[in-house]
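> Give the three-dimensional model of this entry:
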Amino acid sequence: MVKIVALLGDYWHPEAEARVGLEAAIDRLANKEEVNLAFITYEEVGRALEANPDLFINGKMDEINPRDEQVITWLTDELDKQLVNYVEAGGSVIAWHAGMASYQKDSSYIKMLRGSFDYHPPGLQEVTYMLKKDEKSGPNTFVLSDEQYFVDCDQANTEVDLWSTGVDGDSIAGWKHSYGEGKVCCFTPAHTQAGMLNENISTLLAERINWALAK
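Here you go, the predicted structure:
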């Protein structure tokens, strides 16, 4: 049995929508009957990692209450170290959309991701996603109404495998690399349930799950 734990949903991203999107991607896996998918809260992350799952999917931003005067974050120093130790020992992490947003740039988690969310244009925009850099039309592209994430990414130390272009210009939309004995993958789309259920997005997320699980 393959064990996947997922932390989804925050102030800006409804957990129910992300669950539907992730379940759709899991349903595309050839071994989907062997997958045990568990949804957890941020309070349960430490205990979940102690059980050494095959994959931890983080689709939650760090800030719990971003509109309040005193903002609370969930990634403690202890969890920050535990996440990195989990991957170094052979675990895999996928940072999905908000899972790379509002975290401290000097955290061990962001350093392990080798990239993080910077900003996105207001609202939903027409975003073209590209499987090949600078190939903005043709069979290796598709268009989605989405938040176009602009990111910081250490391109020299990871494998970029998805790009985007939109109203504000071009950005990187996905990358992956090994880390210690484990694997790390970052995937920026999508913001809405419709976007997550888009066949292209669902297929790409499933491919990244397969990559993260492959030994």
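
> C-alpha only now, for contacts and for neighbours.
OK.

> Residue 55 contacts residue 5, doesn't it?
Yes. Applying CA atoms under 8 Å as the test, residue 55 and residue 5 come out as touching, 6.4 Å apart.

> When the two are compared, which one has more neighbours?
residue 55 (26 against 21; other CA atoms under 10 Å).

> which residues does residue 124 contact?
Going by CA atoms under 8 Å, 6 or more residues apart in numbering, residue 124 touches 145, 146, 147, 148.

> If we use 6 Å, what do you get?
145, 146, 147 (CA atoms under 6 Å, 6 or more residues apart in numbering).

> so of those residues, which ones are in strands?
Of these, the ones assigned to strands by DSSP state E are 145, 146.

> Show the secondary-structure elements that the lengthiest strand in the chain is packed against.
In the chain, assigned by DSSP E, the strand with the most residues is strand 169-179. Here strand 169-179 touches strand 159-166, strand 182-187, going by 3 or more CA pairs under 6 Å, 6 or more residues apart in numbering; DSSP states H and E.

> hmm, back to that, and the contacts of residue 124, which are buried?
By neighbour count, with 16 or more other CA atoms under 10 Å, those hold 145, 146, 147 as buried.

> between those, which is closest to residue 78?
residue 147 (31.3 Å; CA to CA).

> how near is the nearest residue to that closest one once chain neighbours are set aside to residue 192?
Distances taken as CA to CA, 6 or more residues apart in numbering put residue 124 closest to residue 147, at 5.1 Å, once the chain neighbours are dropped. Residue 124 sits 9 Å away from residue 192, going by CA to CA, to the nearest Å.

> Retrieve the pLDDT associated with the spatially most central residue of the chain.
For the chain, the residue sitting closest to the mean C-alpha position, by CA atoms, centre = their mean, is residue 96 at 1.4 Å. Listed pLDDT for residue 96 reads 98.

> quick one, what contacts it?
By CA under 6 Å, 6+ apart, the neighbours of residue 96 are 58, 59, 187, 188.

> want to throw the residues you listed into CSV with neighbour count and distance to residue 41?
Listed next are these as CSV, based on neighbours: other CA atoms under 10 Å; distance: CA to CA, whole Å:
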residue, neighbour count, distance to residue 41
58, 22, 11
59, 26, 11
187, 25, 21
188, 27, 21
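
> and which of the residues you listed is nearest residue 85?
residue 58 (15.8 Å).

> would the closest one count as being in a strand?
Yes. Inclusion of residue 58 in a strand is indicated when DSSP: H, G, I helix; E, B strand; the rest coil is applied.

> quick one: residue 11 and residue 56, what's the gap?
Residue 11 is 20 Å from residue 56, by CA to CA.

> neighbour count winner among those two?
More crowded of residue 11 and residue 56, by other CA under 10 Å: residue 56, with 27 against 13.

> In the sheet, which residues pair with that one? Tell me.
Assessed by DSSP bridges, residue 56 has beta-bridge partners residue 5, residue 93.

> That one is in contact with residue 2, isn't it?
No. Assessed by CA atoms under 6 Å, residue 56 is found out of contact with residue 2, at 11.5 Å.

> Relative to residue 172, which of the contacts of residue 96 is nearest.
For those, the nearest to residue 172 is residue 188 (8.6 Å; CA to CA).

> Leaving out chain neighbours, which residue sits closest to that closest one?
Nearest in space to residue 188, with sequence neighbours left out and distances taken as CA to CA, 6+ apart, is residue 97 at 4.2 Å.
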